[in-house]
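[1] what follows is a predicted protein model with its sequence.
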Amino acid sequence: MVEGLTKYTHGGDFADYERLDASDFFNNDHPVNIEIGIGNGEFIESFAQKYPNENFIGFEVMKKIFDKAVKRVGKLETDNVRLIHYDATFFVSILKDESINRFFVNHPDPWPKKRHKKRRLLKTQFIQIMTDKLRKGGELYMSTDNLDYAEEIVENLEGVKSLKCAFDTPYIKELIDYQETKYYRKFAIEGDVHFFKYIKL
Ligand SMILES: C[S@@+](CC[C@H](N)C(=O)[O-])C[C@H]1O[C@@H](n2cnc3c(N)ncnc32)[C@H](O)[C@@H]1O
């Protein structure tokens with residue numbers, strides 16, 4: 001069982017699955033970026049416009065929210081986004097190693113209650129899986145509005161190999177030029193957002 005898989009995941013270590021080439025979703029070999037938990041889709045929409053020569057795959061488990069994102073992204077003039085209504089942890093686990101340009105995990109569900117913390121997405125094992133899928137020099141962006149989660153991420157990162165922090169501190173409170181999301185707007189006003197940016201060695 002992969003630690004860090006969410007409650008939506010059917011489990012398994014996926015070792016026997018054939019590896020998936022994310023480029024197969026597109027008709028080109030442009031860099032592929034992944035956003036996990038796209039919410040209303042405004043982040044992926046904005047990055048897809050900003051980087052028309054890169055590809056984007058977004059995952060969302062909640063159907064109602066996913067449908068909203070599909071509507072929004074459907075209006076884009078570029079053809080560089082694919083949205084998948086499924087648990088990202090499964091797909092990410094079966095991707096080819098060193099094939100992804102950037103991962104974005106913006107405000108994952110905080111699961112603030114003590115008994116629910118084990119459901120958090122950003123456990124050491126899942127961060128390691130994302131790291132394995134990143135190309136050398138690829139980037140992992142994570143953000144959370146929950147201080148306890150931020151501190152857990154810092155701890156969990158200690159166990160991750162081949163990843164280096166892009167800042168002088170494990171996280172920062174403001175990331176210039178980053179796209180706002182619905183949850184960012186909800187919490188930034190109180191200065192409660194923690195941004196992580198790590199680079200694959
Ligand atoms: C708190 S919301 C944040 C949404 C958006 N990123 C934002 O910042 O506004 C977290 C989202 O992640 C989705 N999610 C949680 N676990 C997921 C998973 N394993 N795969 C895909 N989506 C997931 C939830 O359904 C929810 O929409």
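    The structure has been received and is ready for your questions.

[2] every contact and neighbour count from this point should use C-alpha atoms.
    OK.

[3] what residues does the protein put near the ligand?
    6, 36-39, 59-62, 87-89, 106-109, 181-184 (C-alpha under 6 Å from any ligand atom).

[4] mind pulling up the pLDDT for Met1?
    At Met1, the pLDDT value in this model is 41.

[5] repeat for Glu174
    Glu174 is assigned a predicted lDDT (pLDDT) of 88.

[6] and what of the one 5 residues further on?
    As predicted, Gln179 sits at a pLDDT of 91.

[7] that one against Gly41, yeah?
    No: in this structure, Gln179 is not within contact of Gly41 by C-alpha atoms under 8 Å, at 11.2 Å.

[8] in terms of neighbours, single out the busier of these two.
    Gly41 (25 against 13; other C-alpha atoms under 10 Å).

[9] SS state for the residue nearest to the more buried one when sequence neighbours are not counted?
    Nearest residue to Gly41 in three dimensions, chain neighbours excluded: Ala69, at 4.3 Å (C-alpha to C-alpha, 6 or more residues apart in numbering). Classification of Ala69 by DSSP: H, G, I helix; E, B strand; the rest coil places it in helix.

[10] quick one: contacts of stretch 15-23?
    Residues from elsewhere that reach stretch 15-23, judged by C-alpha atoms under 8 Å, 6 or more residues apart in numbering: 29-30, 32, 94-96, 99-100.

[11] who is the nearest residue to Ala88 once chain neighbours are set aside paired with across the strands?
    Distances taken as C-alpha to C-alpha, 6+ apart place Phe59 nearest to Ala88, at 5.6 Å, with adjacent residues excluded. Phe59 forms beta bridges with Ile36, Ile84, as assigned by DSSP bridges.

[12] could you verify my assumption that Phe59 touches Ile36?
    Yes: at 5.1 Å, Phe59 counts as touching Ile36 under the criterion of C-alpha under 8 Å.

[13] can you list residues touching both of the two?
    Ala88.

[14] tell me where this structure has helices.
    42-50, 63-74, 88-93, 124-133, 147-157, 182-188 (DSSP state H).

[15] okay, those, which one's buried deepest?
    helix 124-133 (a mean of 22; mean count of other C-alpha atoms under 10 Å).

[16] what's the angle between that helix and helix 147-157?
    Here helix 124-133 runs at an angle of 60 degrees relative to helix 147-157 (axes from the mean of the first three to the mean of the last three C-alpha atoms, to 10 degrees).

[17] CA atoms only: put helix 124-133 into PDB for me.
    The C-alpha atoms that make up helix 124-133 are tabulated as PDB, following Å, rounded to 0.1, in the frame of the first residue of the first chain:
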ATOM      1  CA  THR A 124       6.800  11.100   2.500                       C
ATOM      2  CA  GLN A 125       6.000   8.200   0.300                       C
ATOM      3  CA  PHE A 126       3.800  10.100  -2.100                       C
ATOM      4  CA  ILE A 127       6.200  13.000  -2.200                       C
ATOM      5  CA  GLN A 128       8.900  10.500  -3.100                       C
ATOM      6  CA  ILE A 129       6.700   9.100  -5.900                       C
ATOM      7  CA  MET A 130       6.200  12.600  -7.400                       C
ATOM      8  CA  THR A 131       9.900  13.200  -7.100                       C
ATOM      9  CA  ASP A 132      10.700   9.900  -8.900                       C
ATOM     10  CA  LYS A 133       8.400  11.000 -11.800                       C
END
